[in-house]
Structure formats: C-alpha cells, structure tokens
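Colleague: Sequence and predicted model, in that order:
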Amino acid sequence: MIYPPIPTPFDRQGNLDAQAFRDLAQLLEPHVDGILFYGSNGEGVHLTRAEREKGLSVHSPRKPPLVGLMEETLVQGLEALEQAQVVRPRALLVTPPRYYTANLGNEGLEAYFSTLADSGTQVWLYHVPQNTKADLPLPVVANLSRHPNISGLKDSSGEMARLAFYQSQSLDLEYFTGHAPTFLGALALGASGGILAAANLAPLAFRQLEEAWRSGNMATANLMQTRLEPLARALGQGGFVLLKQAMRYLGLPAGYPRPPYPAESPLWPVFKGILENLKAEGWLVTGD
C-alpha cells in the first residue's frame, strides 16, 4: 500500500491555500491507497489550531486517509484528535512528545499514546527521529502494540534493525516504512507498504515496485528500487522544501513553504535532472 504525505500549500506570503490543498489531494488520490494529511512533509507543526481545522474541512476523501498528530501534551493531542474526525481517518499517525523528552520516560510515552487511543480512534505510532529528535524505544512499541486501538506504526528512521525487531516479535501492528531508499528492504521485513514523500511525485513507480515484490518478481523489484534510489535519497536530504519545489515544477498545486523556510532548495539543480529523467519514462504525476 502506498500513501503520500501530501504537502500543505501556502502562498508566497505564508497564508494557507485551502483550495489548492483540496485540489492537490484530489489529483493524487486516484494514484494511491490513501492520503496522509499533516505528516512531516505536510508542515502540520506550522499550522495554527484554526488553520488545521480549516485545512481538513475542505477535503472529502474517497479513500480512508491518515492524519498526522504532532503535539506535545495530552490536552493538545486530544484537541487535534477531535479535529481530525471531520475526514473520518483510518488512523491518526502520532509522534512522541519531543521538547521535554528527557523528562517523559517510557512510562510517560506509554501513557500519552494509550490515552489518545482510549478515545476509540485508531492510533498509529510514528517514529521519525530525524525530525523529532526523540526516540520511540522498542520496549515501548512492544507494550503499546497490545492496546486494541493502537494498530499500526510508521518508521521513517531507515534503521533495518528496527524493522527486523517488529517482525521477529510478531507485534500486533501493521507497519509501514517512511524511508523510500530502503523501501524494498522494508517490504522484505514485513512492511505493509510505504508512506513516502517520493510517492507524491512517482506513486506509480513505487506501486510497481511493491507489486513486483509481492508477486515474487524480484528482478523487477530490484530494478525499480535501483531506479528510484536517487530520487528517494535526494528528497530525503532536501525535505519538504525540495518536495514543494519539485511539485510546483510539475504543475502540481503544492504551494510554498511557510516562512521563514525558503522557497527553493540548493539541491534543485541536481534534483531537476532526476525528475526530468523519470518524467520522460512516464513515472511522474503532473498537473498537465
């Protein structure tokens, strides 16, 4: 299964562009299994409470979406959880609180996720230490997997040993990778699919890779992973700034990063060539 964490469009002045947000989701949804709103590439942490609510209110997804929740306290988390219900999410993708992580401990982490899940909404754990700078310890993951409403996990660390742990422990979790350069390896370790920034650009290519793997066609799966590695690696380095620049170049209404983040990435000259090659091969979604 392929989910893109779609960007949240802002105009050049940093104002939320709700219409572009709706248009972008509708352009991408037919090519994927669902949309992730307010993931790491969705700049959810840059939104006010009112903007977060307004952004979700314009969507009418046909496929059950995921919604990111990246708050610091239970009061904030429960409020964001309630707002997300407007799109009837499949699950909420929840990062651990990060600012005072040294004071939280494993018990506090478990209490945070468990209390959100006690609401009845499905919760997926989200491990993305390159952004949060916070760990999600493996014993915590194992304990939380026993909660009936904690049903999934996204791991963007790229640490294959963590994926091997999830598989070896037979955790009652559906897990996805957020690390496109090791997508094939994650599938081999039991991942159900990918929640991938690069799937905003080349969802059909990642779908073909996954389908080849599941049908036992390793030659094609390896070929596709090799072909997509430069795209995935560069996008991992350039983040949402590079992603939005690439999508604008392809005519997709992704908008601009919110100030003070720059509109353009220093990686663009190299990345443009990668995009052009994949576009010529018919792998990219465009606004044409």
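Modeller: Noted; the coordinates are in hand.
Colleague: could you point out the longest helix in this protein?
Modeller: Looking across the chain with DSSP state H, the single longest helix is helix 218-249.
Colleague: Now do that one: which elements does it pack against?
Modeller: helix 183-188, helix 203-214, helix 268-280 (3 or more Cβ pairs under 8 Å, 6 or more residues apart in numbering; DSSP states H and E). Just so you know, the C-beta spots here come from the backbone N, C-alpha and C atoms, and that holds for glycine as well.
Colleague: export the ones you listed to JSON lines and tack on distance to V94?
Modeller: Output for the helices and strands packed on helix 218-249, formatted as JSON lines (distance: least, Cβ to Cβ, whole Å):
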{"stretch": "helix 183-188", "distance to V94": "20"}
{"stretch": "helix 203-214", "distance to V94": "24"}
{"stretch": "helix 268-280", "distance to V94": "30"}
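Colleague: Before we go further, F176 is sitting in a strand, right?
Modeller: Yes - under DSSP: H, G, I helix; E, B strand; the rest coil, F176 falls within a strand.
Colleague: Report the beta-bridge partner residues of it.
Modeller: K154 (DSSP bridges).
Colleague: contacting residues around A18?
Modeller: For A18, the contacting residues are K54, G55, S57, V58, by Cβ atoms under 8 Å, 6 or more residues apart in numbering.
Colleague: Ok, P4 next?
Modeller: With Cβ under 8 Å, 6+ apart, P4 has these contacts: L28, V32, I35, L36, I195, L196, A197, A199, N200, P203.
Colleague: Show me those residues that map onto strands.
Modeller: L36, I195 (DSSP state E).
Colleague: Out of the contacts of P4, which comes closest to R88?
Modeller: Taking Cβ to Cβ as the measure, R88 lies nearest I35 of the contacts of P4, at 12.4 Å.
Colleague: Skipping its backbone neighbours, what lies nearest the closest one in space?
Modeller: P65 (4.7 Å; Cβ to Cβ, 6 or more residues apart in numbering).
Colleague: Hmm, H59 and the one you found touching each other?
Modeller: Yes - counting by Cβ atoms under 8 Å, P65 touches H59, with 7.5 Å between them.
Colleague: can you count the residues close to F206?
Modeller: 27 (other Cβ atoms under 10 Å).
Colleague: cool, and A117?
Modeller: So A117, with other Cβ under 10 Å, has 23 neighbours.
Colleague: G194 now?
Modeller: 30.
Colleague: Tell me what it is bridged to.
Modeller: Assessed by DSSP bridges, G194 has beta-bridge partners I2, T177.
Colleague: contacting residues around it?
Modeller: Contact partners of G194, counting by Cβ under 8 Å, 6+ apart, are M1, I2, Y3, F176, T177, G178, A180, F183, A186, F206, E210.
Colleague: Which of the contacts of A18 are buried? Put it as a ChimeraX command.
Modeller: Those of the contacts of A18 that count as buried under 16 or more other Cβ atoms under 10 Å are selected in ChimeraX with:
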select :55
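Colleague: would you list the contacts of A18 in JSON lines and tack on secondary structure and distance to G282?
Modeller: Converted to JSON lines, the contacts of A18 look like this (DSSP: H, G, I helix; E, B strand; the rest coil; distance: Cβ to Cβ, whole Å):
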{"residue": "K54", "secondary structure": "helix", "distance to G282": "36"}
{"residue": "G55", "secondary structure": "helix", "distance to G282": "31"}
{"residue": "S57", "secondary structure": "helix", "distance to G282": "35"}
{"residue": "V58", "secondary structure": "coil", "distance to G282": "30"}
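Colleague: Which one of the contacts of A18 is nearest to N131?
Modeller: G55 (19.6 Å).
Colleague: which residues does the closest one contact?
Modeller: Counting by Cβ under 8 Å, 6+ apart, G55 touches T8, L16, A18, F21, F37, Y38, L47.
Colleague: ok, these vs M70, which is closest?
Modeller: Y38 (7.5 Å).
Colleague: thinking again about what came up before, go through the contacts of P4 and give me the one with the most neighbours.
Modeller: I195 (32 neighbours).
Colleague: how about it, what does it touch?
Modeller: Y3, P4, P5, L36, G39, L66, L93, K154, S156, F176, T177, G178.
Colleague: Now stretch 71-89: average pLDDT?
Modeller: Average pLDDT, stretch 71-89: 95.
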